[in-house]
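**Student:** Generate coordinates for the sequence data below:
(2 chains)
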Amino acid sequence: MSNPAAAPPAACEILVAGAGPAGIAATCAAADAGKHVVLLDAAPWPGGPVWRGVSPQALPRAARSWLDRLRRSTVTVVPSATAFDVPAPGRLLVETPSGSRTFAWEKLILATGARERYLPFPGWTLPGVFGPGGLHSLSHAGWPVHGRRAVVAGSGPLLLAAADGLRQHGARIVFIAEQASWSRLARFGCALARHPGKVAQGMAIGTRLLSACYRCGWWPVRAEGTDHLERVTFTDGSRTRTCACDILACGFDLVPNVELPRLLGCTLDGGFVRVNDFQETTIHGVYCAGEPTGIGGGDCALVEGRIAGLAAAGRAADARQLLPQRHRWHAFRRALAAAFALRPELRRLPEPDTIVCRCEDVVHSQMLGWDDWRSAKLHTRAGMGPCQGRTCGAAAQFLYGWDCACTRPPVFPVTVGTLTATTPNPEP
Amino acid sequence: MADQVQLTVNGAPITVPEGTLLAVALARAGVPRFRRSVRGESRAAVCGMGVCFECRVTINGQPHQRSCMTLCAPGMEVKTDE
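**Tutor:** Purely as a prediction, here's the structure:
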């Protein structure tokens, strides 16, 4: 039987995990410095959830130019490749459609991005309820939204971008509910003054969405429908409003994907990967860029990615030139976190019978019986399904104040075939 | 025009342009649900980025495959939960 993982590992000087903006910038910077770079991504195409599958005409110019630069480079891009284990120092085990492969690296750049935070409320599991970023990338890939009535809710700048994308694909935006208050957003607006590009971007989207109803300080409390979403009820704490709709795109900002950094032993601070000026983690030779180091958006990720790529390629002086830019984006990152902090009322959204763990259908009342994530997992199976707690862990962290970090290999579900193929058989 | 790919969804043939995501092909074919949850509820795609695992389907007999991370391929046999 073939055993691909036992074959000699594919070797490279620099391995980049994740082909979103940070990973692409890191890859291009390192490749331009003459390094042999391999870029892995779990999706069939590079770009990350934000750029992937968007038609070239609809992509921002910067995104188009980075993707072009990647295409023109000599980099080996390995799509549909999910990293799931670190079998030895300097090695990464990856599942691909043709079986598992081991990659050997001298320097590793982790650009694993972020996922959306979904909070449980009655009806949030109905078909027709998506994440804003999720529906954004699905609709760009052709998911039918034309003529559908859509409401967008939750928190973060992604809400506007998602609403704008849906509008472009012919959806009718009925309501946009941002949980953050006007006063917080006004302060964020002032902080944005240092980033004229962001102001222009926000105003352009705002103008296009003028016909939609945008409200701050509103959040969803209930989604209803028979086997598919039919309406959503919102509140501002005193009033309620119900919207008939076909689609709800709802997410409460982003949480970083830190499973792989954790598995490698990188130190985290407050849930984010600790890096130095050169984006190097506490593990020598392992760098991290973009959202896992702090939720700062695509422009911040691009700068961090370039710094990581240059530093990993031994171009410290060039990397240092970018530090003032990074400094500016980190101020933006702090402003984002302050503006879109989640209001405590959201902790009261789930009712006793509301599902919290979607993989195992564990409800809120079952979770309430336990003191910590580990006990809840062991007794209810919450977080033990295929997503490995990526959805309910982030929710439980917010709802119950638990530390939901728990990382052990494989950090993504893989087939038993992959696992057995990666365990060397003893010689007979 | 892009080349077309033919696959079957719950036994019925569908044709999509090459490079179509399976999740998108299923939605366009009007599949009402992708899977049934542990307690029998209908579920469909949510995160679109391979993280939430709600869009799982059976592909060529292999269960629990994420349709949002899979491209349609010629002759693919896809099953969703009834």
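
**Student:** Buried ones in the worst-scoring helix or strand of chain B on mean pLDDT, by neighbour count?
**Tutor:** None of the helices or strands of chain B scores lower by mean pLDDT, DSSP states H and E than strand B:62-66, at a mean of 95. Across strand B:62-66, burial judged by 16 or more other Cβ atoms under 10 Å in any protein chain shown covers B:65-66. (Glycine included, C-beta is placed from N, CA and C.)

**Student:** go on, stretch A:35-51?
**Tutor:** A:35, A:37-51.

**Student:** again, but for stretch A:89-99
**Tutor:** If you call a residue buried by 16+ other Cβ under 10 Å, then stretch A:89-99 has these buried ones: A:90-96, A:99.

**Student:** Point out the residues in the stretch 201-350 of chain A that sit beside chain B.
**Tutor:** Within the stretch 201-350 of chain A, the positions near chain B by Cβ under 8 Å from any Cβ of the partner chain are A:227-228, A:257.

**Student:** Of the residues you listed - the most surrounded one?
**Tutor:** Using other Cβ atoms under 10 Å in any protein chain shown as the neighbour criterion, A:Asn257 leads these with 22 neighbours.

**Student:** pLDDT at that residue, what is it?
**Tutor:** Note on A:Asn257: pLDDT of 97.

**Student:** Return the distance of stretch A:101-112 from the chain's centre.
**Tutor:** 19 Å (Cα atoms, centre = their mean, to the nearest Å).

**Student:** What of stretch A:59-71?
**Tutor:** 20 Å.

**Student:** who touches it?
**Tutor:** Contacts to stretch A:59-71, defined as Cβ atoms under 8 Å, 6 or more residues apart in numbering or on different chains, come from residues A:19, A:21, A:24-25, A:27-28, A:39, A:46-47, A:50-51, A:54, A:56, A:77, A:298, A:302.

**Student:** Cross the residues you listed against helices and list the overlap.
**Tutor:** A:21, A:24-25, A:27-28, A:50-51, A:298, A:302 (DSSP state H).

**Student:** follow-up on the earlier one: is the helix or strand that comes right after the least confident helix or strand of chain B positioned near chain A?
**Tutor:** As assigned by DSSP states H and E, the chain's next helix or strand after strand B:62-66 is strand B:77-79. No - Strand B:77-79 stays clear of chain A (Cβ under 8 Å from any Cβ), getting no nearer than 15.5 Å.

**Student:** just checking: which of the buried residues of stretch A:35-51 also lie near chain B?
**Tutor:** Residues of these in contact with chain B (Cβ under 8 Å from any Cβ): A:42-44, A:49.

**Student:** Low-confidence ranges, the stretch 101-250 of chain A, go.
**Tutor:** By pLDDT under 70, the low-scoring segments of the stretch 101-250 of chain A are A:207, A:209-212.

**Student:** which residues of it fall in helices?
**Tutor:** A:132-140, A:158-168, A:182-192, A:196-208 (DSSP state H, counting those that start in this stretch).

**Student:** Switch the ones you listed over to CSV; also include mean neighbour count and distance to A:Leu322.
**Tutor:** Formatted as CSV, these follow (neighbours: other Cβ atoms under 10 Å in any protein chain shown; distance: least, Cβ to Cβ, whole Å):
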stretch, mean neighbour count, distance to A:Leu322
helix A:132-140, 27, 27
helix A:158-168, 22, 25
helix A:182-192, 14, 21
helix A:196-208, 13, 17
